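Just need the structure, nothing else, for what follows:
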Amino acid sequence: MIEATLWHPVAAVHDVAQAPLAVRLLERSIVLWRDGEGAIQAFADQCPHRGARLSLGRVHDGRLECPYHGWQFAASGQCVHVPALPHITPPPMHRACRYAVREAHGLVWLRLEAGDAPAPVFAAEGDEQLRKLNCGPYDVAASAPRIVENFLDMAHFGFVHEGWLGARDATAIDAYQVEQTATGLRATGCKAWQPQSNLHSTAPAQVEYEYEVTAPYTAVLTKLPEAGSTAVQGWRESIALFICPLTPETSRVWFRLAVADFDSPDEKLRAFQHTIFTQDQPVLESQVPKRLPLDLRAELHVVSDRASTTYRRYLKGAGITFGAC
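Prediction:
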């Protein structure tokens with residue numbers, strides 16, 4: 001399964017503390033823990049001895065200890081201590097299943113199988129004039145592809161986000177450009193009339209959008225409102241959508257915000273994004289089928305859906321099937 005060779009977010013870095021942390025990815029149970037050097041490790045959440053959940057154990061002397069028989073595993077996955085036989089050296093086959101792990105964008109990312117796909121890039125990450133913070137996670141009863149497609153869709157603004165990102169008397173979508181890329185797609189020339197496009201909006205404004213899909217379950221948008229329509233001079237923002245596909249029909253979602261605002265409290269910035277996504281969530285969870293149809297004949301499309309149809313073609317061409325049908 002190609003999805004197993006990709007990097008996926010599974011937890012916030014700060015949530016991996018002293019105790020082992022159980023997470024899910026692609027229907028697999030995984031345990032995160034910190035070794036003696038403070039580095040995050042990721043193992044299958046199943047002791048190879050009798051199958052107990054390692055996440056119910058503890059970290060002792062920089063090793064992960066099974067809650068059942070106390071077997072201890074080093075960061076390499078190798079068992080280094082069997083309490084029932086304290087004088088033996090466990091053989092190489094006595095080891096936990098270990099996964100590749102890395103930290104990026106304040107999140108822990110896992111790759112279940114070897115592959116050469118890079119971790120998704122958030123271009124705004126290196127911009128020192130933008131403040132970064134994460135929002136979430138949200139557990140959503142919808143497939144990861146459905147969530148990405150919603151993120152790319154402007155035609156719902158006047159209905160789902162009425163009074164915020166859109167209005168029922170200004171729902172027309174002007175023509176925009178979409179190109180497929182190696183990582184997904186890029187949509188430019190997108191415009192939307194919005195009553196309150198951001199936390200600091202002072203007047204309705206025409207807002208320029210650019211979308212980029214940077215991995216099958218990751219997308220980024222940048223927003224630039226008309227000059228003079230916000231209380232913060234030179235306001236601009238970029239928002240990344242990072243999704244952990246838990247099962248084919250359930251997901252865990254984070255947003256990473258990069259905004260030209262170093263003064264507002266974190267919770268005030270998060271509250272705006274929370275309002276927008278919790279308007280989306282019930283609609284997403286209502287969609288049938290929950291898995292995104294990749295056959296373009298399965299659902300109807302119009303010209304304003306160009307970003308979503310390009311996304312579906314990209315997934316099909318890339319061989320992505322988890323969360324799709």
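
For the closest residue in space to L152 that isn't next to it in sequence, I want the exact helix or strand it lies within.
With sequence-adjacent residues excluded and distances taken as Cβ to Cβ, 6 or more residues apart in numbering, L152 is closest to A307, at 4.3 Å. For glycine as for every other residue, the C-beta is placed from the backbone atoms N, C-alpha and C. Per DSSP states H and E, A307 falls inside helix 306-318.

Repeat that for G36.
Using DSSP H and E, G36 falls outside every helix and strand.

just to revisit the earlier point, and the residue nearest to L152, how far from C97?
Noted for A307: a distance of 38 Å to C97, by Cβ to Cβ, to the nearest Å.

Same question for D263.
46 Å.

Looking at those two, which one has more neighbours?
Each of D263 and C97 has its neighbours counted (other Cβ atoms under 10 Å); C97 has more, 14 against 7.

Any stretches of the stretch 51-200 of the chain with poor pLDDT?
For the stretch 51-200 of the chain, no stretch is flagged by pLDDT under 70.

quick one, strands of it?
Assigned by DSSP state E, counting those that start in this stretch, the stretch 51-200 of the chain shows strands spanning 58-60, 63-65, 72-73, 79-81, 98-104, 107-111, 131-140, 177-180, 185-194.

The last one - contacts with which helices or strands?
It refers to strand 185-194. With contacts taken as 3 or more Cβ pairs under 8 Å, 6 or more residues apart in numbering; DSSP states H and E, strand 185-194 sits against strand 177-180, strand 205-215, helix 306-318.

ok, residues contacting the last one?
Right, the one you point to is helix 306-318. Here helix 306-318 makes contact (Cβ atoms under 8 Å, 6 or more residues apart in numbering) with 2, 145, 148-149, 152-153, 176, 178, 180, 184-185, 187, 211, 213, 216, 292-294, 296, 301, 324.

one more time with 6 Å, if that's ok
With Cβ atoms under 6 Å, 6 or more residues apart in numbering as the test, helix 306-318 has contacts from 149, 152, 178, 180, 184-185, 187, 294, 301, 324.

swap in the shortest one?
Residues external to strand 177-180 that are found in contact with it (Cβ under 6 Å, 6+ apart): 185-189, 306-307, 310, 314.

Give the buried residues for it.
By neighbour count on 16 or more other Cβ atoms under 10 Å, the buried set for strand 177-180 is V178.

What of the second one?
Of the residues in strand 205-215, those scored as buried under the neighbour-count criterion (16+ other Cβ under 10 Å) are 205, 207-215.

quick one, which of the helices and strands packed on strand 185-194 is nearest to Q46?
Minimum separation from Q46 across the helices and strands packed on strand 185-194 (Cβ to Cβ) falls at strand 205-215, 27.4 Å.

What distance do you get for the residue of the chain most remote from its centre to E65?
Ranked by distance from the centre of the chain (Cα atoms, centre = their mean), the top residue is H87, with 45.2 Å. H87 sits 18 Å away from E65, going by Cβ to Cβ.

before we move on, the earlier item: next, the angle from the helix holding A307 to strand 185-194.
160 degrees (axes from the mean of the first three to the mean of the last three Cα atoms, to 10 degrees).

Could you quantify the relative orientation of helix 306-318 and strand 205-215 as an angle?
0 degrees.

hmm, back to that, out of the buried residues of strand 205-215, who's nearest Q233?
Nearest to Q233 among these: A205, at 14.1 Å, using Cβ to Cβ.

If the closest one is in a bridge, with which residues?
Beta-bridge pairing for A205 (DSSP bridges): Q194.

contacting residues around stretch 57-67?
Stretch 57-67 has contacts (Cβ under 6 Å, 6+ apart) with 33, 35-36, 47, 52, 54, 56, 72-74.

Redo the residues you listed as TSV? Include neighbour count and distance to W193.
Converted to TSV, the contacts of stretch 57-67 look like this (neighbours: other Cβ atoms under 10 Å; distance: Cβ to Cβ, whole Å):
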residue	neighbour count	distance to W193
W33	26	49
D35	16	52
G36	11	56
C47	24	57
A52	16	57
L54	26	52
L56	15	53
Q72	21	61
F73	27	57
A74	18	58
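
Can you tell me which of those is closest to H105?
W33 (20.7 Å).
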